[in-house]
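Undergrad: sequence-free structure coming up:
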DNA sequence: CTGAAAGCGCTAACAG
DNA sequence: CTGTTAGCGCTTTCAG
């Protein structure tokens, strides 16, 4: 940081007091139009930009939000960040991005630091390691608004933006069965994530509902490591009574599923029907094109940010536990 | 922002002066081990987190970097951000992310605001609209370090991290020709981007080198809008002497190319060989699997951040125009 | 309508 | 080794 033309320099040049200049710049009603004009003109000329940290310190307001997400290498979060940034930019807010790499410890540390007043609000999508969510209480006690998105907790009464994980997975499973699957499988990820539980419950509910049609069904527990997942899925497909339908609960499971089928010569959709949660643009050019549960990632990001700003702007009136659900869509393609 | 336990409260509780507490917390050598211990213990107990903005104001150092990118919905930037964030987290820095949406005006405005002292350094990947780069001069005049990555300018002597766009595209084109292509085409994006020019030049150089083998070659100008690109590519493929080999200069052109081929029944790789710049994990499960020029996105992000921190930490010694080139790799798959 | 002055929370001389 | 003090640049009473 290097010294800038500051408000004092402006004041001196204009023969005004610092206070007057400050008010003029913030367009205070108690300053004459003339003065405002002069001040603004010079500010522009000298390329004056107020020091945000001085302002933050004084006003106890950072005009910054923190976005804490597990990963960014998945297309869901790319799109979500885009939505968040869009709204933030519109509101004149700045966006700090933090990755937890699915680690609870990191998540905890990051949130803890937010108690410093660095941010006016937080958007959080839980790490898969995160089982309990009491690490968010300190934020609450400091009245720092928090909105969960996508990976929301279900044990807390907070603002959250999620998609209809249960219902869409229920629908998707029904669809698989309708298409003739008798041995459907659900590829599960972290058990801690309510998002995974909900999807899984949707799956189970459908199995239950269709139990007279179903021969067998299974939950296949996958890991965070995709090479392992390849092996896990391969084994599952080599067992007797291997699945004839798969619901992949996250985007990154698509690649191992397709690879296994290629390597084991399993025809999709004839031998195995596949549906994946995914926002991949390339779903349509896979072979066969992939039936996806498309999450409204961008919209969820936008909505979460909008909600957060509502909380930031008028904490009192706002409901502290609004839960917005933006539905996903099942896009049917050739893989089913 | 709500009032926190601040350094004054700590000092009072410990019967020490504010200055001593401050030094103890920053582990100053002029404070006794005993005192430090006491201070740190109480700080922990009270969950004391120093106000970063007060500190920034006083030290003229924000411990924050700004990352300015055109889009985040492309897998390149997802990976790059991951690399950046990794290094920043290690260094105890915070990362502000801004999207320009390919707009020069936005890019300019964002950089201008950085003159306020909000960030200690900037990582920039140019918007496709950006033709001139004098909007970065103000940063330079304030001595705010700047490192370009990926979309670097070539008219400036600055630090930049890029990949070997020219060479890899030269190699890729050679490979196409070697595989029998006689009518190769290059799908071009924004002409302003040096990255595109360099790739294009690599293409042309190869055409030149192989001119006795080539029947015809073309540069197909694409847009930012993928539905338009579909039409553009379709038209190109319907003309006489349509390409028998394509180099797609950016990832998002893959989908329209594959779709056109599907719709026009053009067999890849028999009738058309395709290579695309891409970091898509799904390249391997496309049909046919896609030969890609894989950019080291994560490594570029990391390297750019490392370079930036070197500049931030010791401005003097550091070369102000280091140009790091991290090579891309040509991964050959079935589409060629 | 404008100015004076206090202070946000922290750091860094400087003095002791 | 610890304390005192003067700000960083800005906002905001409160007076005039």
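TA: Good, I have the coordinates. What you see is a predicted model; the values in this text were computed from it and never measured.

Undergrad: could you measure residue A:67 against residue A:126, distance?
TA: Here residue A:67 is placed at a distance of 13 Å from residue A:126 (CB to CB, to the nearest Å). (Glycine included, C-beta is placed from N, CA and C.)

Undergrad: From residue A:51, how far out is the residue in chain A that DNA strand C sits nearest to?
TA: The shortest separation between chain A and DNA strand C is 2.9 Å, found at residue A:19 (distances taken as CB to the nearest atom of the strand). In this structure, residue A:19 lies at 16 Å from residue A:51, with CB to CB as the measure.

Undergrad: residues contacting residue A:234?
TA: Listed by CB atoms under 8 Å, 6 or more residues apart in numbering or on different chains, the contact partners of residue A:234 are A:260, A:263-264.

Undergrad: mind listing what's buried in whichever strand or helix holds it?
TA: Using DSSP states H and E, residue A:234 falls within helix A:226-238. Applying a neighbour-count criterion of 16 or more other CB atoms under 10 Å in any protein chain shown, the buried positions in helix A:226-238 are A:229-230, A:232-234, A:236-237.

Undergrad: can you map out the helices along the stretch 51-200 of chain A?
TA: Ranges of helices within the stretch 51-200 of chain A are A:52-59, A:75-91, A:104-113, A:137-141, A:165-178, A:194-209, based on DSSP state H, counting those that start in this stretch.

Undergrad: Averaged pLDDT, stretch A:249-260. What do you get?
TA: The predicted model gives stretch A:249-260 an average pLDDT of 94.

Undergrad: quick revisit: looking at residue A:19 and residue A:51, which one has more neighbours?
TA: residue A:51 (20 against 12; other CB atoms under 10 Å in any protein chain shown).

Undergrad: The more buried one contacts residue B:57, doesn't it?
TA: Yes - between residue A:51 and residue B:57 a contact is recorded at 7.1 Å, counting by CB atoms under 8 Å.

Undergrad: before we move on, back to that, looking at the helices of the stretch 51-200 of chain A, spot the one closest to residue B:93.
TA: Smallest distance to residue B:93 across these (CB to CB): 12.2 Å, for helix A:104-113.

Undergrad: For that closest one, buried residues please.
TA: Neighbour counts using 16+ other CB under 10 Å place A:104, A:106-108, A:110-111, A:113 of helix A:104-113 among the buried residues.

Undergrad: Ok, stretch A:179-193 next?
TA: By neighbour count, with 16+ other CB under 10 Å as the criterion, the buried positions of stretch A:179-193 are A:181-190, A:192-193.

Undergrad: what's the farthest-apart pair in those?
TA: Between any two of those, the greatest separation by CB to CB is 30.8 Å, found for A:182 and A:192.

Undergrad: Quick one: residues contacting residue A:77.
TA: With contacts taken as CB under 8 Å, 6+ apart, residue A:77 has the following neighbours: A:69-71, A:125, A:297, B:78.

Undergrad: so where do the strands sit in chain A?
TA: In chain A, the segments counted as strands under DSSP state E are A:64-69, A:94-99, A:121-124, A:146-149, A:159-162, A:184-188, A:218-221, A:245-248, A:273-277, A:291-294, A:323-325, A:329-331.

Undergrad: and the last one, what other elements does it pack with?
TA: Contact here means 3 or more CB pairs under 8 Å, 6 or more residues apart in numbering or on different chains; DSSP states H and E; on that basis strand A:329-331 packs against helix A:165-178, strand A:291-294.

Undergrad: restrict the contacts of residue A:234 to contacts with DNA strand C.
TA: Among those, no residue sits close to DNA strand C (CB under 7 Å from any atom of the strand).

Undergrad: Out of those, which sit inside helices?
TA: When DSSP state H is applied, the contacts of residue A:234 are split such that A:260, A:263-264 fall in helices.

Undergrad: Just the buried subset of those residues, written out for PyMOL, thanks.
TA: Only the buried entries of the ones in helices among the contacts of residue A:234 go into this PyMOL selection, using 16+ other CB under 10 Å:
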select buried, chain A and resi 260
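
Undergrad: Enumerate the residues of the stretch 1-150 of chain A near DNA strand D.
TA: Going by CB under 7 Å from any atom of the strand, the residues of the stretch 1-150 of chain A near DNA strand D are A:3-4, A:6-8, A:18-19, A:22-23, A:25-26, A:50-51, A:54-55, A:57-59.

Undergrad: wait, isn't residue A:282 in contact with residue B:254?
TA: Yes - because the distance of 6.8 Å satisfies CB under 8 Å, residue A:282 is recorded as touching residue B:254.

Undergrad: what residues are shared contacts of the two?
TA: When contacts are counted by CB under 8 Å, 6+ apart, residue A:282 and residue B:254 are jointly contacted by B:280, B:286.

Undergrad: Could you report the neighbour count for the closest residue to residue A:254 other than its chain neighbours?
TA: Nearest in space to residue A:254, with sequence neighbours left out and distances taken as CB to CB, 6 or more residues apart in numbering or on different chains, is residue A:276 at 4.6 Å. Around residue A:276 sit 27 other residues, with neighbours defined as other CB under 10 Å.
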